[in-house]
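**Q** When you get a sec, could you give me coordinates for this:
(2 chains)
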Amino acid sequence: MSQPFYITTPIYYVNSKPHIGHAYSTIIADALKRFYRMAGRDTYFLTGTDEHGDKVVRAAQEAGMNPKSYADEISDMFRALWPELGIEHDQFIRTSYPEHQKVVQYVLQRVYDTGDIYFSEYEGLYCFGCERFYTEKELVDGKCPDHKTAPEKISESNYFLKMSKYQDWLANHIKKNPDFITPERYRNEVLAFLKEPLEDLCISRPKTRLQWGITLPFDDKYVAYVWFDALLNYISALGYPDGELFKRYWPVAHHIIAKDILKPHAIYWPIMLKAAGIPLYKHLKVHGYWNVDESKMSKSIGNVVDPLRIKNTYGSDPFRYFLAREMAFGLDSNFSESALIQRINSDLANDLGNLFSRSVSMIHKYFGCVVPKPVSGVETDLDSALAEDAISMVKTAQKEIEGFAFHKGLMSIWEFINKLNKYIDTNAPWSLAKEKGGRARLQTVMYNVMEGLRIVCGMIFPFIPATSQKMRKYFGLDPDRIFTLSDLSEWGGLKPGVVVPKAIALFPRVDVKKGGDVSLTVKPEIEFKDFETLDLRAGIVLEAEAIPNSKKLLKLKVDIGEERQIVAGIGASYAPADLIGKKVIVVANLKPTKLMGVLSQGMILAAVSQKRCYVPTVQGDVEPGTKVS
RNA sequence: GGCGAUGUAGCUCAGUCGGUUAGAGCAUACGGCUCAUAUCCGUAGUGUCCGGGGUUCAAAUCCCUGCAUCGCCA
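**A** Below you'll find the predicted structure:
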């Protein structure tokens, strides 16, 4: 049996839809799985969803659903997304599965029996509106930030895990195993955290305030804390304690996570395993955040990038390539559609796609669709240099991928792609084809080009598998089988005589409209009922005057069936007199406010670009107060 | 407030143990080629290596200090 390789993503919390960060973790895991398959390892790839806890209950309430159907819906979104992105996980686990719940209860009981879980009462500040405890520092002026009410001091009894007992052991383990948590900055962060005394972990929630969870086996009045439940997915999915998968793939796990869930994975999880007498996972690999257009991704800014939309617009492989190429694993990176388009056009279409296209069409033109045989006796230093470059590229890329430096691995592959382009230009096959006696050399050159491409095709497989599979048949290979690293470590694997299909554009160029901003960030989708909350009315501007000491503000009197005073920031683009008599569109139910001390009872719609604004008007004979929708 | 990371070309970043003239890609300009997806190849640049101080024959690199951004902790 070959050496096992077990890779996991976090199980994603179902309180919100998939975003680009989820896509990154999962794509990286997929690429690693593919890479280690090529290396001949016995691989297993797990992903899934985390579904319990009060945040899910609240998100479900907001959506007007019960937690179970809400979790089903979001979980299905994740499950449906992964095939779209070319991801081939071996298992999709949900914490709502009975098999998982059984394992959680088994482990809880096991730890309870060792005496590391104790029952205790504690006092805290509880907001009944939020149904949760707050710490002092979370409060604003001593009040709940959501409900603006003072939380009440209540006491509650709960079960706790003795973390402190394992603190020194864990710190030592991390110190002794430098590759336990990587990159180093996160390892240091955890070690710094462990210098302070660890508080015991509250691992239960009373059912009086949370029912959506797994019942404690030793006290049915409580459910398990969501992290204690969720982390165990990594072994419950393998059928712990007796499953074949568990015996085969534990504990050689690589857990991939983003930095926001470092603490549960680096501290709670090892201690849980230790307390339950289970061997520790081997590696925790921590990556950074994706910012979007230079700002933090957040629901309130409305800049959350929907991976499915990107895939539908640009294709799965370009998206995968961009994510893997652009982020230095461990550091934050920036996502923008203009950067994505630039990568697609320069790296994928121009460098690789065009190289492939020019090479294949020369095989057609000069050799009637058949890979020629290299001729001995006409080799030059250029040929041996190319072969050496190919072999060393494979070695370098392998080393970088194993070290999670995916961007560097891809860079080394693309350096070789550039060398192939240069090799073609230097040897100028189109000239050889015309020269008398150039035939032997032409055969050799074109064989080498195709052989180089074969190796590229193999090395890009982990990152852009669909493209790699498309390319395979040009080398006479079965698209459904995969390369092994040893196939790629030797020059000359390509068989002369292979029939090469007609050239295709692997990556169409993305047209960038001149001067236009290519990246369109759309706010999150809304329901029609959300739109209906707006009350838009046609109105006629009766009066308009500038507000003193303000550059942009105008005070308007608008008839919308009743007279409204509205302050509008359009003074830089419109003179007051221009507006009088215009039929404008007014947001009639906007909460009144004061701008520079002047009351404004509504808002006028305007298209705003950086320099100017344009007020849309209603054409035709429309009564003031007419609804606009 | 404590700890840590980062700061290098217009942009994104690499830069090993302190050691030649600080590099790559993208973008820009010019030249070449015609097999190719208006692609490819070549040439050309531009630098207060965040500021200040120190150690050294020699500092982007080591030390101190200030600033900025970010993270963890309180």
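
**Q** Let me see the contact set for whichever residue of the stretch 351-500 of chain A sits closest to RNA strand B.
**A** Residue nearest to RNA strand B within the stretch 351-500 of chain A (CB to the nearest atom of the strand): A:Gly353, separated by 1.8 Å. Every residue, glycine included, has its C-beta placed from N, CA and C. A:Gly353 makes contacts with A:Ala505, A:Leu506, A:Phe507, as judged by CB atoms under 8 Å, 6 or more residues apart in numbering.

**Q** and the gap between the residue of chain A positioned farthest from its centre and A:Met362?
**A** Most distant from the centre of chain A: A:Lys436, at 55.7 Å, with distances by CA atoms, centre = their mean. For A:Lys436, the distance to A:Met362 equals 19 Å [CB to CB, to the nearest Å].

**Q** how about the nearest residue to A:Arg248, chain neighbours excluded?
**A** Using CB to CB, 6 or more residues apart in numbering and skipping residues adjacent in sequence, the residue nearest A:Arg248 is A:Pro4, 5.8 Å away.

**Q** Next, see if the host helix or strand of A:Gly409 gets close to RNA strand B.
**A** Using DSSP states H and E, A:Gly409 maps to helix A:406-427. Yes. Counting by CB under 7 Å from any atom of the strand, RNA strand B has neighbours in helix A:406-427: A:Asn418, A:Asn421, A:Lys422, A:Ile424, A:Asp425, A:Thr426.

**Q** Report the buried members of these.
**A** A:Asn421, A:Ile424 (16 or more other CB atoms under 10 Å).

**Q** CSV please, covering the residues of helix A:406-427 next to RNA strand B and showing pLDDT.
**A** Compiled in CSV, the residues of helix A:406-427 next to RNA strand B are given as follows (pLDDT from 0 to 100):
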residue, pLDDT
A:Asn418, 92
A:Asn421, 94
A:Lys422, 92
A:Ile424, 95
A:Asp425, 93
A:Thr426, 92
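
**Q** what secondary structure does A:Pro10 sit in?
**A** Assigned with DSSP: H, G, I helix; E, B strand; the rest coil, A:Pro10 falls in the strand class.

**Q** RNA strand B versus that one, what's the distance?
**A** 16 Å (CB to the nearest atom of the strand, to the nearest Å).

**Q** Number of residues surrounding that residue?
**A** When neighbours are counted by other CB atoms under 10 Å, A:Pro10 registers 26.

**Q** In contact with it, which residues are there?
**A** Applying CB under 8 Å, 6+ apart, the residues contacting A:Pro10 are A:Ser25, A:Asp50, A:His255, A:Ile256, A:Ile257, A:Ala258, A:Ile261.

**Q** Between which two of those residues is the distance greatest?
**A** Greatest spatial distance among those (CB to CB): A:Asp50 and A:Ile256, at 14.9 Å.

**Q** Only C-alpha atoms, please: export stretch A:20-29 in CSV.
**A** Extracted in CSV, the C-alpha atoms of stretch A:20-29 (Å, rounded to 0.1, in the frame of the first residue of the first chain):
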residue,chain,number,x,y,z
ILE,A,20,-14.0,33.3,-2.7
GLY,A,21,-12.2,32.3,0.5
HIS,A,22,-14.1,29.0,0.7
ALA,A,23,-13.3,28.5,-3.0
TYR,A,24,-9.6,29.1,-2.3
SER,A,25,-9.2,26.6,0.6
THR,A,26,-11.1,24.0,-1.4
ILE,A,27,-9.2,24.5,-4.7
ILE,A,28,-5.9,24.3,-2.9
ALA,A,29,-6.9,21.1,-1.2
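
**Q** measure stretch A:264-276 end to end?
**A** End-to-end distance for stretch A:264-276, by CA to CA, to the nearest Å: 16 Å.

**Q** I meant stretch A:177-185, not that one.
**A** End-to-end distance for stretch A:177-185: 14 Å, by CA to CA.

**Q** who touches the helix or strand containing A:Ala385?
**A** Element membership for A:Ala385 (DSSP H and E) is helix A:381-402. Here helix A:381-402 makes contact (CB under 8 Å, 6+ apart) with A:31-32, A:35, A:39, A:406, A:408-410, A:412-413, A:415-416, A:419-420, A:423, A:426-427, A:444-445, A:448, A:451-452, A:455, A:459, A:462, A:485, A:488-492.

**Q** which of these count as buried?
**A** Buried subset of the contacts of helix A:381-402 (neighbour count, 16+ other CB under 10 Å): A:31-32, A:35, A:39, A:406, A:408-410, A:412-413, A:416, A:419-420, A:423, A:427, A:444-445, A:448, A:451-452, A:455, A:459, A:462, A:485, A:488, A:491.

**Q** So what's the residue count around the nearest residue to A:Gly409 once chain neighbours are set aside?
**A** Computed as CB to CB, 6+ apart, the closest residue to A:Gly409 that is not its neighbour in sequence is A:Glu400, at 3.7 Å. Counted with other CB under 10 Å, the neighbours of A:Glu400 add up to 18.

**Q** again with A:Glu62
**A** Residues near A:Glu62, counting by other CB under 10 Å: 10.

**Q** Same question for A:Thr49.
**A** Using other CB under 10 Å, A:Thr49 has 26 other residues around it.

**Q** May I have the beta-bridge partners of it?
**A** Listed by DSSP bridges, the beta-bridge partners for A:Thr49 are A:Tyr12, A:Arg94.

**Q** quick revisit: which other helices and strands does the helix holding A:Gly409 contact?
**A** Helices and strands touching helix A:406-427, by 3 or more CB pairs under 8 Å, 6 or more residues apart in numbering; DSSP states H and E, are helix A:316-326, helix A:354-367, helix A:381-402, helix A:439-459.

**Q** what pLDDT does the residue of the stretch 201-350 of chain A found nearest RNA strand B get?
**A** Proximity of the stretch 201-350 of chain A to RNA strand B (CB to the nearest atom of the strand) peaks at A:Asn350, 2.8 Å away. At A:Asn350, the pLDDT value in this model is 93.

**Q** ok, the closest residue to it other than its chain neighbours - contacts?
**A** Nearest non-adjacent residue to A:Asn350, counting by CB to CB, 6+ apart: A:Arg509, 7.8 Å away. A:Arg509 is in contact with A:Ile344, A:Asn345, A:Ala349, A:Asn350, counting by CB under 8 Å, 6+ apart.
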